[in-house]
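Engineer: what's the 3D shape of this:
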Amino acid sequence: MSKAQIIDGKAIAEKLRKTVAEKVAALTSAHDLVPGLAVILVGDDPASQVYVSNKIRQTREAGMNSFEYRLPAETGQDALLARIATLNADPAVHGILVQIPLPDHIDEAAIVAAIDPAKDVDGLHVMNAGLLATGGTGLVPCTPTGCILLIQHVLGSDLSGREAVIVGRSQLVGRPIAQLLLNENCTVTVAHSRSRDLPEICRRADILVVAVGRPEMVRGDWIRPGATVIDVGINRIPAPEKGEGKTRLVGDVAYREAAEVAGAITPVPGGVGPMTVACLLRATVIAACRQNGITAPDF
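Structural biologist: Got it, this is the predicted structure:
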């Protein structure tokens, strides 16, 4: 039986979405401002279709305006850039998200660079990445933001002095969450595939964040007793016990083993995933306020 506290990302995300809805209602009442989020999907990738539908539904449930653009896979890069330029200029659109991955003929970096940094609610534009790295005020990637909120749910708002280890150095998760934890006065180590004695590095962590995309790579004996473990990975693996051709979702951490050692741990699914969309809504509200000279609400 699990000994660790299970960090219920679904419940925490639901609470955040309710808070977002309250802030949206207050903005609409006090300033006649309805935050608007535009989501662009190019192609028909099944997983992306599900993600986009969830984002659109939750945006509307929060009382925000949702602008949806589903474009065929053969859409050219110039056409996509033109669409982004139109949205950049639209005052009703406060956040723009282009669903990744894009078809191979489109340069993802060029698309991200074309989004107005003030509307880049994914926090991927180089200007927002630079602001985060230098302690400025920009828009922050949603998954790392969700991870920080989950950690603070367990450990409280003051993370000063905690030893944090991040396994994975991607631009989407690893690097921004390292910066966010530094901003919270943690002592941060970023480990990766070329790190020497990775298990020993992980054992130092009070806070262990794993985002490498390798199913169950981090084992139970890599965990410091009592550590808070945030598993960002989501991997689909064969599940022959369920029947021929069946699969199941697992994280980057061997959950059952880790839960016997950790103090708190996120499950997969139901941990980090639900927080990402909730934090996207949060970021859109913040962006809308900044674009209109309104002090952004506390969340």
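Engineer: burial of the residue lying closest to residue 218 once chain neighbours are set aside, as a residue count?
Structural biologist: Distances taken as C-beta to C-beta, 6 or more residues apart in numbering place residue 253 nearest to residue 218, at 4.5 Å, with adjacent residues excluded. Yep, even glycine has a C-beta here, placed from its N, CA and C like the rest. Other residues within reach of residue 253, judged by other C-beta atoms under 10 Å, total 32.
Engineer: for residue 24, same thing?
Structural biologist: Neighbour count for residue 24, taken as other C-beta under 10 Å: 23.
Engineer: residue contacts, it?
Structural biologist: 34-35, 62-64, 285 (C-beta atoms under 8 Å, 6 or more residues apart in numbering).
Engineer: pull out the buried residues from the helix or strand where it lies.
Structural biologist: When elements are assigned from DSSP states H and E, residue 24 belongs to helix 9-31. For helix 9-31, burial by neighbour count (16 or more other C-beta atoms under 10 Å) applies to 9, 12-13, 16-17, 19-21, 23-24, 27.
Engineer: let me have those residues in JSON lines, extended by distance to residue 257 and pLDDT.
Structural biologist: Formatted as JSON lines, these follow (distance: C-beta to C-beta, whole Å; pLDDT from 0 to 100):
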{"residue": "9", "distance to residue 257": "20", "pLDDT": "97"}
{"residue": "12", "distance to residue 257": "24", "pLDDT": "98"}
{"residue": "13", "distance to residue 257": "26", "pLDDT": "98"}
{"residue": "16", "distance to residue 257": "30", "pLDDT": "98"}
{"residue": "17", "distance to residue 257": "32", "pLDDT": "97"}
{"residue": "19", "distance to residue 257": "35", "pLDDT": "98"}
{"residue": "20", "distance to residue 257": "36", "pLDDT": "98"}
{"residue": "21", "distance to residue 257": "38", "pLDDT": "98"}
{"residue": "23", "distance to residue 257": "40", "pLDDT": "97"}
{"residue": "24", "distance to residue 257": "42", "pLDDT": "98"}
{"residue": "27", "distance to residue 257": "46", "pLDDT": "97"}
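Engineer: before we move on, the earlier item: residues in contact with the residue nearest to residue 218?
Structural biologist: Neighbours of residue 253 in contact, by C-beta under 8 Å, 6+ apart: 210, 216-218, 229, 231, 233, 265, 268.
Engineer: need the phi and psi values for it.
Structural biologist: When read as degrees, to the nearest 10, the backbone of residue 253 gives phi -110, psi 140.
Engineer: one more: residue 250?
Structural biologist: Note on residue 250: backbone dihedrals following degrees, to the nearest 10 are phi -140, psi 160.
Engineer: may I ask which of the contacts of residue 24 has the most neighbours?
Structural biologist: In those, the most neighbours by other C-beta under 10 Å go to residue 35, 29 neighbours.
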